[in-house]
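Trainee: my questions concern the predicted model and sequence given below.
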Amino acid sequence: MNADLQIQTRTELAFASIHCGQGCTEAVISKDGEIFVLADSNLIGHFTLSEQGYQLVQEYPLALHEDGEPPFEFLGLAYDALNDRYFLVSNSDDASQQDWLFTLDSQFNLVSRQPLSYTGETEGSLNEYTAMGLYFSEDALWMVSEQFTKVIKLTLSGEIVSVYDLLPEDMTMPSDLVVKDGKVYLIGDHENGEPVPPLIELTIE
């Protein structure tokens with residue numbers, strides 16, 4: 001997309017170990033002309049651009065789980081270019097299950113794991129803040145959460161410091177976000193065969 005948010009090119013992404021034919025992509029980040037794609041099977045694909053489009057270079061399976069438990073699920077990926085590190089927030093529909101912030105190095109090895117926290121009063125479980133999209137900006141993390149009705153700002157230690165409400169008319173089901181120059185850009189959910197998802201711009205107040 002260009003600066004006016006107009007689509008310039010479209011490329012099909014092909015993984016080696018999975019068939020991604022039903023919209024399995026959960027997040028995409030760019031890095032020095034390359035992209036890293038999080039699939040819903042807890043797999044990250046590294047792609048570089050060629051004359052034929054983006055080609056797979058390497059796959060990184062994510063094996064992040066509690067002992068004896070199924071792997072955590074993730075629906076967003078954020079990148080800190082200055083320190084060359086990545087962030088994930090676990091996603092669970094179970095309000096009794098602790099949500100975690102994971103920090104990974106440049107090879108997607110675990111650096112740290114910290115619980116999401118909040119120092120103020122909460123209505124219901126803090127873990128209702130299910131992560132759906134994640135973005136790093138100015139030493140903070142931003143995510144869409146709680147069934148797509150809020151944008152949440154986190155510290156890099158997992159503490160929730162701000163919560164911004166989204167109106168139903170803003171977007172029915174945002175799936176990822178970008179934060180830049182005091183504005184939040186939200187993109188809607190999309191599956192194969194469906195129209196290009198909507199993208200809206202909101203001001204942080």
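Mentor: Arrived safely, thanks for sending.
Trainee: can you pull up the bridge partners for the nearest residue to V57 once chain neighbours are set aside?
Mentor: Leaving aside its sequence neighbours, V57 sits nearest to H46 (Cβ to Cβ, 6 or more residues apart in numbering; 4.5 Å). For the C-beta atoms, the positions are set from N, CA and C on the backbone; glycine is no exception. Taking DSSP bridges as the rule, H46 bridges to F36, Q58.
Trainee: pull the contacting residues for Y135.
Mentor: G76, A78, L141, W142, M143, D176, L177, V178, V179 (Cβ atoms under 8 Å, 6 or more residues apart in numbering).
Trainee: can you give me the pLDDT of the last one?
Mentor: It stands for V179. Looking at V179, its pLDDT reads 92.
Trainee: so which strand or helix has the residue positioned nearest the centre of the chain?
Mentor: Residue closest to the average C-alpha location in the chain (Cα atoms, centre = their mean): G76, at 1.7 Å. Using DSSP states H and E, G76 is not contained in any helix or strand.
Trainee: state the distance from it to Q6.
Mentor: 24 Å (Cβ to Cβ, to the nearest Å).
Trainee: what's the helix or strand for the closest residue to the residue nearest to the centre of the chain other than its chain neighbours?
Mentor: Distances taken as Cβ to Cβ, 6+ apart place L134 nearest to G76, at 3.1 Å, with adjacent residues excluded. In this assignment (DSSP H and E), L134 forms part of strand 132-137.
Trainee: average pLDDT for that strand, rounded please.
Mentor: Mean predicted lDDT for strand 132-137 stands at 91.
Trainee: now do stretch 62-74
Mentor: Mean predicted lDDT for stretch 62-74 stands at 82.
Trainee: and R113, what does it touch?
Mentor: Shown in contact with R113 (Cβ under 8 Å, 6+ apart): L64, W100, L101, F102, T103.
Trainee: which parts of stretch 152-159 are buried?
Mentor: Residues I152, K153, L154, L156, G158 are the ones in stretch 152-159 that count as buried (16 or more other Cβ atoms under 10 Å).
Trainee: which SSE is immediately downstream of the helix or strand where Y60 lies?
Mentor: Counting by DSSP H and E, the element that carries Y60 is strand 53-61. Moving toward the C-terminus from strand 53-61, the next helix or strand (DSSP H and E) is strand 73-74.
Trainee: list the contacts of the very next helix or strand once past that next one.
Mentor: Moving toward the C-terminus from strand 73-74, the next helix or strand (DSSP H and E) is strand 78-80. Residues outside strand 78-80 that contact it (Cβ under 8 Å, 6+ apart) are I29, K31, F36, R85, Y86, F87, L88, L134, Y135, F136, L141.
Trainee: ok, strand 78-80: who's next to it in the sheet?
Mentor: Strand pairing for strand 78-80, determined by DSSP bridges: strand 85-91 (antiparallel).
Trainee: which residues does the strand it pairs with contact?
Mentor: 36, 62, 64, 72-80, 99-106, 108, 111, 116, 130-132, 134, 136, 141, 143, 154, 156.
Trainee: and that strand, average pLDDT?
Mentor: For strand 85-91, mean pLDDT rounds to 92.
Trainee: now the angle from that strand to strand 53-61?
Mentor: 70 degrees (axes from the mean of the first three to the mean of the last three Cα atoms, to 10 degrees).
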